[in-house]
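Asks: coords below, sequence missing:
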Ligand code: HMG
Ligand code: MG
């Protein structure tokens, strides 16, 4: 049943991260053909932005070491945005060689995670991104700037809004088109989300350049999303079936499940273009490939998966 609520956007763009954030965290390496089929099924379910893979060091994330093999298998997907993660110029070169036209750099609000994830300080990582963003913009590519640990960090504890603002500003100054605010370990609660978004928009950042990226460790991802929607955010990251995490962040569990998100959005009368039945069937199919049930409540309810 659809019952709209006041003060929410009419449409939300779901930025699907299951094939990247989801599969980077699987113990088993998923065969390239299965990944390609996953991305095709996600697109067929109506997702128009499907983050495909990462051009990072293969030793750092062996699960995505097949980026060169996977990306060409997606060439037939017309009208679907296929962003890829690139940490440095080497990653950008690899992505450009395959014709990628949307890339994402990924910064950290905290020093501990910058070191763990990128082997750099926060400022060294920004310096590493500078030529990546300027070269990508020189080619008219779309550049997303992820920012991890926007709310809390497993080593450093709660993260002050001011620290997050500084790195957001730096990413925008480099030339990023869009920010994605990451709650990498899922500790945010809705008031904190509103406080961060208020600080950003008060500092002059247009809300249509801000996406949110919640992990669901403490079951807060949907509540946090609603707080963001109430603030005017219309880009929400989510992962089919709730796959996900980050291999370099202790206690990062799955992302907000795309199905749980779409269930809420459609219930509110917010358009997404996503066919929830097809999407849930895709996640159930992927859960079979991975050998365990999807953590998404909506997938389980709609596909009657065994607990
Ligand atoms: P490093 O060890 O400092 O690398 O790692 P380096 O710059 O010293 O280079 C060492 C060697 O690696 C060189 O080779 C480079 O060419 C090679 P050599 O000259 O010695 O033969 N190299 C590469 N090879 C292939 N592709 C590359 C590449 N770069 C260097 N791109 C590095 C630094 C950034 C490479 C490493 O730390 C890395 O790959 N990190 C990626 C970690 C990662 O992918 N984490 C998960 C994504 S972030 C996330 O999940 C959070 C997010 O979801 C948001 C949220 O939830 O908060 C986005
Ligand atoms: Mg993530």
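Replies: On my side now, so go ahead. All figures in this text were calculated on a predicted structure; none of them were measured in a lab. Ligands and ions are numbered 1, 2, ... in the order given.

Asks: number of residues surrounding the residue in the stretch 51-200 of the chain that ligand 1 sits nearest to?
Replies: Residue nearest to ligand 1 within the stretch 51-200 of the chain (CB to the nearest ligand atom): residue 182, separated by 2.5 Å. Where C-beta positions appear, they are placed from N, C-alpha and C, glycine not excepted. Using other CB atoms under 10 Å, residue 182 has 30 other residues around it.

Asks: now swap in residue 6 and tell me
Replies: For residue 6, the tally of surrounding residues (other CB under 10 Å) stands at 5.

Asks: next, the contact list for the residue of the stretch 51-200 of the chain closest to ligand 1, please.
Replies: If a contact means CB atoms under 8 Å, 6 or more residues apart in numbering, then residue 182 has 146, 147, 148, 149, 150, 213, 215 as its contacts.

Asks: if we use 10 Å, what do you get?
Replies: Under the criterion of CB atoms under 10 Å, 6 or more residues apart in numbering, the neighbours of residue 182 are 21, 106-109, 113, 146-151, 164, 188, 211-215, 237, 246, 249, 252, 255.

Asks: whatever helix or strand it lives in: partners in the sheet, and parallel or antiparallel?
Replies: If you go by DSSP states H and E, residue 182 is part of strand 178-183. The strands beside strand 178-183 in its sheet (DSSP bridges) come out as strand 142-148 (parallel), strand 210-214 (parallel).

Asks: and residue 284, that's in a helix?
Replies: Yes - counting by DSSP: H, G, I helix; E, B strand; the rest coil, residue 284 is located in a helix.

Asks: so it touches residue 301, yeah?
Replies: No - the pair residue 284 / residue 301 is not scored as a contact, 11.3 Å apart, by CB atoms under 10 Å.

Asks: these two: who's more crowded?
Replies: When residue 284 and residue 301 are compared for neighbours, residue 284 comes out ahead with 20 against 13, by other CB under 10 Å.

Asks: what sits against the closest residue to the more buried one other than its chain neighbours?
Replies: Once flanking residues are discounted, residue 284 sits nearest to residue 303: 4.2 Å by CB to CB, 6 or more residues apart in numbering. Shown in contact with residue 303 (CB under 10 Å, 6+ apart): 259, 277, 280, 281, 283, 284, 285, 287, 293, 294, 296.

Asks: and if we set it to 8 Å?
Replies: Contacts for residue 303 (CB under 8 Å, 6+ apart) come out as 280, 281, 283, 284.

Asks: residue 215 now?
Replies: By CB under 8 Å, 6+ apart, the contact set of residue 215 is 182-186, 221, 244-245, 252-256.

Asks: surely residue 107 forms part of a strand?
Replies: Yes - assignment of residue 107 by three-state DSSP places it within a strand.

Asks: 32 is where my numbering starts, stick with that
Replies: Yes, from this point I'll number from 32; that puts the last item at residue 138.

Asks: about what we covered before: what pLDDT does the residue nearest to residue 315 get?
Replies: Listed pLDDT for residue 334 reads 94.

Asks: give the next helix or strand downstream of the strand holding residue 213.
Replies: helix 221-233.
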